[in-house]
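Peer 1: I need the structure of the sequence given here:
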Amino acid sequence: MGLLRKTSLLILGATVLASLAVALAASNTVPTSKASDTSTTISPSSCAVSVTIPSLAVGKGYYYLVGSARTATVSATWNVSPARTLRLRIYSGNPFSGDPNPDSVSPPAGSIASANGNTVTTLTATSSSVAGAEYSVYFYNNDSSSVTTTSATVTYSKLTCP
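Peer 2: Numbers count the residues shown, from 1 in each chain. Just a heads-up that it's a prediction; the model follows:
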């Protein structure tokens, strides 16, 4: 009787394990069709973010990071008073990683958008449509006097604006 009991328990255990394996495999399959949902559209929002830029001495710049932007343009507008000579750059990624902010580096090559202004109070740079990724905007004082920033705005697309 002991052998029959052991065999029955072994068969019962194997049956339970086989059932468990089938259930796990069924829950791990990829559906072959999708439910139709025409009522929900997920689209990114246009985010216009005010950026506080400190006073920049001659040859200093300030970078602002745009994280996880969606496919669209990236734009920045810098308003200063009084008029100054400025450089504004937009980069894919962060070429300033590890640098202090404000930074004393001249705008590096490789920007995806740029604007230079001689004795201006407003300067705007806008990229063409770019893939969703991280971007950096660099506000650089190329004047012979310090820049007092009155406002700056960075506009980009994201699912949820900050």
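
Peer 1: Start and end of stretch 133-153, how far apart?
Peer 2: End-to-end distance for stretch 133-153, by CA to CA, to the nearest Å: 19 Å.

Peer 1: Could you list the buried residues of that stretch?
Peer 2: Neighbour counts over stretch 133-153 (16 or more other CB atoms under 10 Å) mark 135-143, 147, 149, 152 as buried. The C-beta positions use only the backbone N, C-alpha and C, and glycine is treated the same way.

Peer 1: Make CSV out of those residues and add secondary structure.
Peer 2: Output for those, formatted as CSV (DSSP: H, G, I helix; E, B strand; the rest coil):
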residue, secondary structure
Tyr135, strand
Ser136, strand
Val137, strand
Tyr138, strand
Phe139, strand
Tyr140, strand
Asn141, strand
Asn142, coil
Asp143, coil
Val147, strand
Thr149, strand
Ala152, strand
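
Peer 1: Which of those residues sits closest to Arg89?
Peer 2: Tyr138 (4.4 Å; CB to CB).

Peer 1: what sits against that closest one?
Peer 2: Counting by CB atoms under 8 Å, 6 or more residues apart in numbering, Tyr138 makes contact with 61-63, 87-91, 96, 107, 111.

Peer 1: what do you get for Thr71?
Peer 2: 44, 129-132, 157.

Peer 1: quick one on the thing from earlier: of all the contacts of Tyr138, which comes closest to Arg70?
Peer 2: Arg70 lies nearest to Ile90 out of the contacts of Tyr138, by CB to CB, at 15.3 Å.

Peer 1: so what's the residue nearest to Thr119 when sequence neighbours are not counted up against?
Peer 2: Nearest non-adjacent residue to Thr119, counting by CB to CB, 6 or more residues apart in numbering: Ala83, 4.7 Å away. When contacts are counted by CB under 8 Å, 6+ apart, Ala83 touches 119-121.

Peer 1: Which of these fall within strands?
Peer 2: Counting by DSSP state E, the part of the contacts of Ala83 found in strands is 119-121.
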